[in-house]
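**Q** Okay, here's the prediction I keep looking at, along with the sequence it came from:
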Amino acid sequence: MAVLEKGSKKLLNAWAFYDWANSVYTLTITSSIFPIFYSALFLSEIKVVHAFGMEFKSTALITFVTAFTFLVVAVTSPILSGIADYVGNKKNFLKFFCYVGSAGCIGLYWFDITPNNIYISLLFYFMGLIGYWGSLVFYNSYLPDIAFPEQQDKVSAKGFSLGYIGSVILLIVNLAMVMSQDDGASKMQMMRYSFITVGLWWALFSQYSFYFLPKGTSSGHKVTTAIVFNGLKELRLVWMQLKQNLRLKRYLYAFFVFSMAVQTIMLVAVYFGEEEIAWGGDGEKTTGLIVSILIIQLVAVIGAILTSTASAKFGNIKTLIFVNFIWMSLCFYA
């Protein structure tokens, strides 16, 4: 296949389409059905689970595993991205994390909190989470390679929009599956099936992106036993450049604080809503949470388009400040 030129419509569409493929993870696994499923595994009012020789509150255990996964991503991503830059083959890294995440989602079908199964269950959860966030490192790094600066805002917004739309479509299907059943056990089984649909959707639809995205900027280097050290050297070079760029340093500090806040809300919102909101019953709770998240996704589609338009008119900085101010205000109000 001929290599597509930078800025070509087909290449930009292929990049944006990966959002369609992987966003089903954040909606179904992170934000809606899995948190509801996880909570429903605990039949008593006192929701505790025994693991690693200790007793955890149910939400605390899943939060600790999530935090540990983010720590792994934070430590390994700079090294892996340095290796990818050195070798010039970021697509293989993107594929690897995609398939790890997809396999983790499918493995959640067997998720259980019994002592014999809790560790393999948490491993599948870990795989899904690290696969999603690990793949994003390499997916986002493609943008400067495939789009010119004047195209990047628009194609980024397109990716977000495709992600929201695709994830909503699958969530509607999953919601129909769950609500088609009358008793709790059958609903739980349908939730397990929904995890398989997420893994398959992610792996299959990503093939379109993998087909058209370039392998990477070839450097002529080969994979050797010293590749990890070469990756560290690349990381050191980036760090030296970073020390000389005050604006970029400030941006990264700000992004760290911003991302920490946003991810905290995203990851604990459904667990909070499931326990703290006075739903009428288990059936109303499941429907209410999923429908609420569904509405948020539909609003987000419009938000991505409006934000891109505002960035083009007012600039990225002003738009970002305005959006952050609105977000902070909503958090304080909540």
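**A** All right, it came through fine.
**Q** Just to be sure, Thr319 is in a helix?
**A** Yes: counting by DSSP: H, G, I helix; E, B strand; the rest coil, Thr319 is found in a helix.
**Q** Roughly how far does it sit from Ala21?
**A** To Ala21, Thr319 is 27 Å away according to Cβ to Cβ, to the nearest Å. Glycine gets a C-beta too; all of them are placed from N, C-alpha and C.
**Q** Glu274 - nearest residue in space that isn't next to it in sequence?
**A** Ser39 (5.1 Å; Cβ to Cβ, 6 or more residues apart in numbering).
**Q** before we move on, the earlier item: what about Thr319 and Ala21, which has more around it?
**A** More crowded of Thr319 and Ala21, by other Cβ atoms under 10 Å: Ala21, with 26 against 19.
**Q** Could you tell me whether Tyr193 really is in a helix?
**A** Yes: Tyr193: assigned to a helix according to three-state DSSP.
**Q** And for whichever helix or strand Pro144 is part of, what's in contact with it?
**A** Assessed by DSSP states H and E, Pro144 sits inside helix 143-146. Contacts of helix 143-146 from elsewhere in the structure, counted by Cβ atoms under 8 Å, 6 or more residues apart in numbering, are Lys6, Gly7, Leu11, Leu12, Trp15, Gln152, Val155, Ser156, Leu213, Pro214, Gly216, Thr217.
**Q** can you tell me which of these lies nearest to Ile62?
**A** For those, the closest approach to Ile62 (Cβ to Cβ) belongs to Ser156, at 30.2 Å.
**Q** ok, and the closest non-adjacent residue to that closest one?
**A** Leu143 is the one closest to Ser156 (Cβ to Cβ, 6+ apart), at 6.8 Å.
**Q** show me where pLDDT drops low in this protein?
**A** 1-2, 43-46, 82, 85-88, 216-235, 280-283, 286 (pLDDT under 70).
**Q** Show me where it has its helices.
**A** 9-24, 33-40, 58-87, 90-107, 118-141, 143-146, 149-179, 184-212, 227-243, 246-276, 282-314, 316-333 (DSSP state H).
**Q** What residues sit buried inside the first one?
**A** Residues of helix 9-24 classed as buried by neighbour count (16 or more other Cβ atoms under 10 Å): 11-24.
**Q** got CSV for the residues you listed, with distance to Ile79 too?
**A** Formatted as CSV, the buried residues of helix 9-24 follow (distance: Cβ to Cβ, whole Å):
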residue, distance to Ile79
Leu11, 28
Leu12, 29
Asn13, 31
Ala14, 27
Trp15, 24
Ala16, 28
Phe17, 28
Tyr18, 23
Asp19, 25
Trp20, 29
Ala21, 25
Asn22, 22
Ser23, 26
Val24, 28
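**Q** before we move on, the earlier item: residues near the residue nearest to Ser156, how many?
**A** For Leu143, the count of nearby residues is 16 (other Cβ under 10 Å).
**Q** Over to Lys57?
**A** By other Cβ under 10 Å, the residues close to Lys57 number 13.
**Q** what does the one 5 residues further on give?
**A** Other residues near Ile62 number 21, with proximity taken as other Cβ under 10 Å.
**Q** Return the residues in contact with it.
**A** Ile62 is in contact with Tyr38, Tyr125, Tyr271, counting by Cβ under 8 Å, 6+ apart.
**Q** Among those, which one lies nearest to Ala185?
**A** The closest of the contacts of Ile62 to Ala185 turns out to be Tyr38 (Cβ to Cβ; 15.9 Å).
**Q** quick one: the closest one and Gln151, what's the gap?
**A** Going from Tyr38 to Gln151 by Cβ to Cβ gives 40 Å.
**Q** Just the buried ones from the contacts of helix 143-146, in ChimeraX syntax?
**A** Burial among the contacts of helix 143-146 is assessed by 16+ other Cβ under 10 Å; the matching ChimeraX selection reads:
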select :11,12,15,152,155,156,213,214,216
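**Q** Can you redo the contacts of helix 143-146 as CSV, where the extra columns are distance to Ser259?
**A** Below are those laid out as CSV (distance: Cβ to Cβ, whole Å):
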residue, distance to Ser259
Lys6, 28
Gly7, 28
Leu11, 27
Leu12, 25
Trp15, 21
Gln152, 19
Val155, 21
Ser156, 16
Leu213, 25
Pro214, 27
Gly216, 25
Thr217, 26
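**Q** between the contacts of helix 143-146, which is closest to Val262?
**A** Closest approach to Val262 among those (Cβ to Cβ): Ser156, at 16.1 Å.
**Q** unless I'm mixing things up, the closest one is touching Ser308, no?
**A** Yes: contact criterion Cβ atoms under 8 Å: Ser156 and Ser308 qualify, at 7.3 Å.
**Q** Give me the neighbour count for the closest residue to Leu175 other than its chain neighbours.
**A** Nearest residue to Leu175 in three dimensions, chain neighbours excluded: Ile290, at 5.2 Å (Cβ to Cβ, 6+ apart). Using other Cβ under 10 Å, Ile290 has 23 neighbouring residues.
**Q** ok, now which ones touch Ile290?
**A** Ser32, Ile33, Ile36, Leu171, Leu175, Val178.
**Q** can you list contacts of stretch 125-138?
**A** So stretch 125-138 is in contact with 22, 25-26, 29, 62, 65-66, 68-70, 72-73, 76-77, 80-81, 84, 90-91, 93-94, 96-105, 107-108, 111, going by Cβ under 8 Å, 6+ apart.
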